[in-house]
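Chemist: Structure for this input, please:
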Amino acid sequence: MSSINLENSSWSPRSAADRLLMLLKTQGPQTAADLGVGLGITGEAARQQLLKLAGDGLVEAMVEVRGVGRPSQVWRLTASGNTRFPDTHAELTVQLIHTVKTVLGEEALERLITAREQETRAAYTPPWEEPSISGSVSHVYRRSATVRGTWPSGESRVTATC
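Modeler: From the prediction side, this is the model:
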């Protein structure tokens, strides 16, 4: 599959702060020392940059226990820090749909969409709202009681005509 528009080749981090953000985005949470190694600077220089980024709300530190000794301070992006990067999920989705259609055909794409639609309907349809309900109050009561697991055995059924 083509990676056109999925790679942010036009975005090039220039400052140490931008490079730190990029490392955290691409490699996940890390210590200041590890980030410093990744940037070719000291751990202390990385920590100073991280403190500035934390002041801007772009990164945060968490304490992580890693065996014996002092816990490590691990840095990660905040939600605000993540918004600094383009979200290419929509472009990926369009490319996947195009690939399914091209490789597997229109019919396969239709089957895929239909299956997903059925899954979504099933997930959002309350258990008492089935298409086969025919005005029977006892059916609705029995269905909701079964879902809750409280249908008493031998109880008389009440039927109403709607």
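
Chemist: worst-scoring helix or strand of the protein, pLDDT-wise?
Modeler: Lowest by mean pLDDT, DSSP states H and E among the helices and strands of the chain is helix 137-148, with a mean of 51.

Chemist: just for this structure, where's the confidence low?
Modeler: Under the criterion of pLDDT under 70, the regions of the chain flagged as low confidence span 1-13, 128-162.

Chemist: elements contacting the longest helix along it?
Modeler: In terms of residue count, the longest helix belonging to the chain (DSSP state H) is helix 106-124. Other elements packing on helix 106-124 under the criterion 3 or more CB pairs under 8 Å, 6 or more residues apart in numbering; DSSP states H and E are helix 89-104. Using the backbone N, CA and C atoms, a C-beta is placed for each residue, glycine as well.

Chemist: Show me the domain layout of this protein.
Modeler: For the chain, the domain assignment from automatic domain parsing gives the residue ranges 16-82, 128-152+156-160.

Chemist: Counting neighbours, what do you get for Leu112?
Modeler: Neighbour count of Leu112, defined by other CB atoms under 10 Å: 15.

Chemist: With adjacent residues omitted, what lies nearest to it?
Modeler: Distance criterion CB to CB, 6 or more residues apart in numbering; nearest residue to Leu112, sequence neighbours excluded, is Val100 at 6.4 Å.

Chemist: in a strand, that's where Trp75 is, yeah?
Modeler: Yes. Judged by DSSP: H, G, I helix; E, B strand; the rest coil, Trp75 forms part of a strand.

Chemist: For it, name its beta-bridge partners.
Modeler: Gln30, Ala61 (DSSP bridges).

Chemist: tell me the contacts of Cys125?
Modeler: Small correction: residue 125 is Thr, not Cys. If you count contacts by CB atoms under 8 Å, 6 or more residues apart in numbering, Thr125 has none.
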